[in-house]
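Enquirer: Sequence and predicted structure below; questions after.
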Amino acid sequence: MGDEIVTQAVLLLWGGIAAGLAIGGLLGWRAGFMWGLGVGCLLIGVGGLAGAGHLGWHRWQAIDGTVATTGVLLDFSEETVNNADGRRLVVRAPIVRFVTPDGMEHRVRGLGGSQGRASPGDPVAVRYRPEDPSHAIVADAQNLWAGVWGLGMFGVVPLLVGIAATPWRGTRVAPHRIAERPRGKRAVRAHKAASRARLPATAATNDAAQGLTPRQRRAMTWSMGIGHGLMVAAFVAAWLLADDVGHAVAACFTAITPAFVAYGVGSAIRNRTWHAGVTLVMAALVFLLFAVGLWLFT
C-alpha cells in the first residue's frame, strides 16, 4: 500500500475538519453554540471515519492474495523522527528475514516501534505476494491496522461528541427569534438569573428520584454500585500491571468501559430519560476503543 493512499485518507480527515469548522461555525452563529458544536463535530467525525474506511479498504486489498509465513527477527534499525512538538525521537524498526519456498531469502522492515517486546531470533509473522516477495509486510496488528485504528479514533470520538452535543429535540429556534437572543451584558445577566433559579444539586437529585418505584430505586442503586465496584477494579488492575504501562492502562480502560455502562443505566433510571444514559454509554465506547488499541499495539 503506497504512501498516496495514506495521504488520501489523511486528506479526507482534514476535509472533515475544514467542513466541521466552517459549517459548524456558521451554524453556531446562526442557530446557537450547541448546534454549531454538534454539527461541526459530526462532520469532523464523518471525515475521520471516511479516512479510516478508505485506508482500511486499501489495506484489505493489499493483504488479499498474499501468503503467510514465519520469519525471524534479525535486529532493529534506529531512525529519527519528529513528533508533534517538533522534538526529535529515536524509534526502533524491526528487520525481519524470511525464506520463500524456492529457497530465496528476503528481508522486510516493519514500522518503527513495532515488535517492541521481541528479541533478535524470535519468530515474526510475515505476509508477502508470491509473484513478488519484495512486497512484504510484517503481519502484526501495528503494521497492518494501526493507521486504520488511529483515523477511526479521530472519527468516532468527535462523532460521539456531536451526537451528544446536538440539541435534537425541543431546542429549535425560529429564525425570526434568533436576533432576540440576549447578547453581551444582557446575556450575562440572563445567565446569572437562570443560575439563581436552579435548585441545589442535592435537591435536584432528590426531586429527580421522586416518583421512582421501589423496583426502579433498587435497579438504580445496583447499577451505581456495580459501576463503583468496576471503577475500583480498574485501578486495582492498573496497579497489578504497573510494570507494563501500556497493558496497565489497557486493563484500566477495559474495566472502566462496563463501569460507565452501569452508570449510564443508573443515570437513565434516576433521571427517567435516555439522554444522560446514552452520553455515558458513548463515553464507555470511547474507553473501549482506546483499550482495544492499547491491547493490540503495545
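Expert: Thanks, I have the structure now.
Enquirer: Can you list the buried residues in stretch 30-48?
Expert: Under the neighbour-count criterion of 16 or more other CB atoms under 10 Å, stretch 30-48 has 31-32, 35-48 buried. (Each C-beta comes from the backbone N, C-alpha and C, glycine too.)
Enquirer: Name the surrounding residues that touch that stretch.
Expert: Residues outside stretch 30-48 that contact it (CB atoms under 8 Å, 6 or more residues apart in numbering): 12-17, 19-21, 23-29, 151-167, 171, 173, 178, 181.
Enquirer: Contacts only, for residue 122.
Expert: Residue 122 makes contact with 72-73, 115, according to CB under 8 Å, 6+ apart.
Enquirer: By neighbour count, which of these wins?
Expert: Within the contacts of residue 122, neighbour counts (other CB atoms under 10 Å) peak at residue 115, which reaches 21 neighbours.
Enquirer: how about the strands in the stretch 1-150 of the chain?
Expert: Applying DSSP state E, counting those that start in this stretch to the stretch 1-150 of the chain gives strands spanning 67-82, 88-99, 105-109, 123-129, 132-138.
Enquirer: right, and these - which one's nearest residue 241?
Expert: Residue 241 lies closest to strand 88-99 among the strands of the stretch 1-150 of the chain, at 23.0 Å (CB to CB).
Enquirer: Show me what counts as buried in the closest one.
Expert: Counting neighbours by 16+ other CB under 10 Å, strand 88-99 gives 92-96, 98 as buried.
Enquirer: Closest one to residue 110 out of these, please.
Expert: residue 94 (4.3 Å).
Enquirer: Tell me the spacing between the closest one and residue 108.
Expert: Plainly put, residue 94 is 9 Å away from residue 108 if you go by CB to CB, to the nearest Å.
Enquirer: Could you tell me which residues touch both of the two?
Expert: Residues touching both residue 94 and residue 108 (CB under 8 Å, 6+ apart) are residue 138.
Enquirer: Roughly how far does residue 220 sit from residue 261?
Expert: In terms of CB to CB, residue 220 sits 14 Å off from residue 261.
Enquirer: These two: which has the busier surroundings?
Expert: residue 261 (22 against 19).
Enquirer: ok, and the closest non-adjacent residue to that one?
Expert: residue 284 (4.9 Å; CB to CB, 6 or more residues apart in numbering).
Enquirer: Look up how far residue 237 lies from the one you found.
Expert: Where residue 237 is concerned, residue 284 sits at a distance of 16 Å (CB to CB).
Enquirer: mind checking which helix or strand of the chain has the lowest mean pLDDT?
Expert: Ranked by mean pLDDT, DSSP states H and E, the weakest helix or strand in the chain is helix 175-178, scoring a mean of 42.
Enquirer: most tightly surrounded among the strands of the stretch 1-150 of the chain?
Expert: Of those, the one with the most neighbours on average (mean count of other CB atoms under 10 Å) is strand 123-129, at a mean of 19.
Enquirer: just how off-centre is that strand within its chain?
Expert: Put simply, strand 123-129 sits 29 Å off its chain's centre (CA atoms, centre = their mean, to the nearest Å).
Enquirer: Check which helices and strands that strand is in contact with.
Expert: strand 67-82, strand 88-99, strand 105-109, strand 132-138 (3 or more CB pairs under 8 Å, 6 or more residues apart in numbering; DSSP states H and E).
Enquirer: strand partners of the second one, parallel vs antiparallel please.
Expert: In this case it means strand 88-99. strand 67-82 (antiparallel), strand 105-109 (antiparallel) (DSSP bridges).
Enquirer: could I have the first one exported to CSV, CA atoms only?
Expert: This points to strand 67-82. Provided in CSV are the C-alpha atoms of strand 67-82 (Å, rounded to 0.1, in the frame of the first residue of the first chain):
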residue,chain,number,x,y,z
VAL,A,67,0.8,-15.7,1.6
ALA,A,68,1.5,-16.0,5.3
THR,A,69,4.9,-17.3,6.5
THR,A,70,7.1,-17.0,9.6
GLY,A,71,10.3,-15.0,9.5
VAL,A,72,13.0,-14.4,12.0
LEU,A,73,13.7,-11.0,13.7
LEU,A,74,17.3,-10.1,12.8
ASP,A,75,17.7,-6.8,14.6
PHE,A,76,16.3,-3.3,15.0
SER,A,77,17.3,-0.3,12.9
GLU,A,78,17.1,3.1,14.6
GLU,A,79,15.5,6.0,12.8
THR,A,80,15.0,9.6,13.9
VAL,A,81,11.5,11.2,13.6
ASN,A,82,10.0,14.5,14.7
